[in-house]
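**Student:** Requesting a structural model of the entry that follows:
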Amino acid sequence: MNQERLLKVLLAPHVSEKSTRIGESSNQYVFKVLSDASKPEIRKAVETLFSVEVVGVQVVNMKGKRKRFANTEGRRSDWKKAYVTLAEGNDIDFMGAESA
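**Tutor:** Next up, the predicted model:
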């Protein structure tokens, strides 16, 4: 796998009530990823960027919501999210190493 490609696979962490609850209970983190990303690419990208050990990856294709803009019907883009399970004792700190 190309190192440059791995840096582009993860788009952003997906922060919601559900992802926070899952992270606390089962050591899983949720990421928004490229729509053509594969499970091995996602695993390698997380291990490379955050220096953690990944146990498993689950992927969900999310359909874009239908939205109305004045008199025009519109639709948001489809996207993909990945649930990444980390090994026991590993965690990802999105806020950085700064502690006050």
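
**Student:** who's in contact with stretch 70-84?
**Tutor:** Stretch 70-84 has contacts (Cβ atoms under 8 Å, 6 or more residues apart in numbering) with 14, 22, 28-35, 37, 39, 42-43, 46, 54, 56-68. For glycine as for every other residue, the C-beta is placed from the backbone atoms N, C-alpha and C.

**Student:** For the residue nearest the centre of the chain, give its distance to Lys80.
**Tutor:** By Cα atoms, centre = their mean, the chain has its centre lying nearest to Phe31, at 0.9 Å. For Phe31, the distance to Lys80 equals 9 Å [Cβ to Cβ, to the nearest Å].

**Student:** and what of Glu41?
**Tutor:** Distance from Glu41 to Lys80, by Cβ to Cβ: 12 Å.

**Student:** Among those two, which residue is more densely surrounded?
**Tutor:** The neighbour comparison of Glu41 against Lys80 (other Cβ atoms under 10 Å) goes to Glu41, with 21 against 17.

**Student:** quick one, what contacts the more buried one?
**Tutor:** Glu41 makes contacts with 1, 5-6, 9, as judged by Cβ under 8 Å, 6+ apart.

**Student:** Report the buried members of those residues.
**Tutor:** The neighbour-count criterion (16 or more other Cβ atoms under 10 Å) marks 6, 9 among the contacts of Glu41 as buried.

**Student:** any idea of the mean pLDDT for stretch 32-49?
**Tutor:** Stretch 32-49 comes out with an average pLDDT of 96.

**Student:** Would you mind identifying the next helix or strand past the longest helix along the chain?
**Tutor:** Criterion DSSP state H: the longest helix present in the chain is helix 39-50. As assigned by DSSP states H and E, the chain's next helix or strand after helix 39-50 is strand 54-62.

**Student:** Report the angle between that following strand and helix 39-50.
**Tutor:** 120 degrees (axes from the mean of the first three to the mean of the last three Cα atoms, to 10 degrees).

**Student:** Tell me the helix or strand right after strand 54-62.
**Tutor:** strand 66-69.
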